[in-house]
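Student: take a look and give me a structure for this.
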Amino acid sequence: MYRKINILITLLILVTGCVTQQRFDTLEENHHRHVESSKEKLKNLSGQINNLENELLDCKKKSSALELDKRRLETDNLHQNNQIDNLKDLLADSEQKLHRKETIIKTQKKVIAQVNETKKKIEHSLKKQIASQEIKLEEMEGKLKLTFVDKILFNSGSASINKAGKEALLHIADSLRDQTQNYNIIRVEGHTDNIPIADGPMKKVFQSNWELSAARAISVVRFLRYSGGIDPTRMCISAYSLYRPVDTNDTAEGRKQNRRIEIILTP
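Tutor: This next block holds a predicted model:
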């Protein structure tokens, strides 16, 4: 009886042990497949991570390049804006210069017209004296210069205006009295030759040619003021004595040219 039981137990153990080993093998095989699958998945994930990291690095490089491009464009844009501002300033400056030049040209044309008008008036009123070369009329860069040579205004050794001189100066005053916009400055210059003032009564009045040239210029200005009605604020006096000759002092004709009164009319 006991022998049969032992045999049954032994058989049961053997059967049970066989089933357990088979199941273990199956589990072990499934586990191995699972591990291999996990390894493969991990490998794939690692590859994907590497790809993503490479893509991220590439994106960072592109982003840096784009940032540099952005800064470069901003710098270029700022430079272009500065250039535009500079061009605007240059344009505005050019327009101002053009406007000034146009104004100057208009003014010059007006001055030329005024000079021509006044010149014609003086030439007409002093035709005889100009023809005889007692008076010279010259245009100098918009100015008019009237030169009274030698005795047309003064007798020898005198600072008193003679009759012919007064007549000529009245004609000039008539031409200039109302032309305050055309010629607002009238400068009267006295000049002499280089012959010293001789001893005698004249020496007591004029110590040198300085005094003589100044006295003659003053006489002309006083006559224009009180007899010609010229505004005194428009007139000034210069006395140059013998120091600005227009001809040689070695000849009588040259000294005659140097003994003169010049009236400079300035717009």
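Student: centre of the chain to the helix-or-strand element of the chain with minimal mean pLDDT, how far?
Tutor: Ranked by mean pLDDT, DSSP states H and E, the weakest helix or strand in the chain is helix 2-125, scoring a mean of 78. Offset of helix 2-125 from its chain centre (CA atoms, centre = their mean, to the nearest Å): 46 Å.
Student: could you list every helix and strand in contact with that helix?
Tutor: Contact analysis of helix 2-125 by 3 or more CB pairs under 8 Å, 6 or more residues apart in numbering; DSSP states H and E lists strand 135-140, strand 143-149, helix 163-176 as its packing neighbours. Every residue, glycine included, has its C-beta placed from N, CA and C.
Student: what does the last one rub up against?
Tutor: With contacts defined as CB atoms under 8 Å, 6 or more residues apart in numbering, helix 163-176 is touched by 118, 121-122, 125-126, 129, 135, 146, 148, 152-154, 161, 183, 186, 220, 223-224, 227-230, 263, 265.
Student: ok, for residue 235, nearest residue in space, not its chain neighbours?
Tutor: Among residues not flanking residue 235 along the chain, residue 186 sits closest, at 4.7 Å (CB to CB, 6 or more residues apart in numbering).
Student: quick one, what contacts that neighbour?
Tutor: 176, 224, 230, 234-236, 263-266.
Student: tell me, how many residues neighbour residue 119?
Tutor: 16 (other CB atoms under 10 Å).
Student: picking that back up, quickly compare the helices and strands packed on helix 2-125 and say which is most buried.
Tutor: strand 143-149 (a mean of 20; mean count of other CB atoms under 10 Å).
Student: by how many degrees do the least confident helix or strand of the chain and strand 143-149 diverge?
Tutor: Our comparison of helix 2-125 with strand 143-149, counting by axes from the mean of the first three to the mean of the last three CA atoms, to 10 degrees, yields an angle of 30 degrees.
Student: give me the mean pLDDT for stretch 224-243.
Tutor: The average pLDDT for stretch 224-243 rounds to 95.
Student: name the residues that touch that stretch?
Tutor: Residues contacting stretch 224-243 (CB under 8 Å, 6+ apart): 166, 169-170, 172-174, 176-177, 180, 183-194, 208-210, 212-214, 217-218, 221, 249, 258.
Student: which members of those residues occur in strands, if any?
Tutor: If you go by DSSP state E, the contacts of stretch 224-243 have 185-191 in strands.
Student: need the worst-confidence member of these.
Tutor: Looking across those, the weakest pLDDT belongs to residue 185, with 88.
Student: that one touches residue 263, doesn't it?
Tutor: No - using CB atoms under 8 Å, residue 185 is not in contact with residue 263; the gap is 10.9 Å.
Student: residues in contact with stretch 200-210?
Tutor: Under the contact criterion CB under 8 Å, 6+ apart, stretch 200-210 has outside partners 157, 159, 192-194, 196-197, 211-212, 215, 239, 241-242.
Student: narrow those to those that are buried.
Tutor: Neighbour-count burial (16 or more other CB atoms under 10 Å) is assigned, among the contacts of stretch 200-210, to 159, 192-193, 197, 211-212, 215, 239, 241-242.
Student: any chance of these in CSV, with distance to residue 82 too?
Tutor: Converted to CSV, the buried ones among the contacts of stretch 200-210 look like this (distance: CB to CB, whole Å):
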residue, distance to residue 82
159, 69
192, 65
193, 67
197, 72
211, 67
212, 67
215, 67
239, 59
241, 62
242, 63
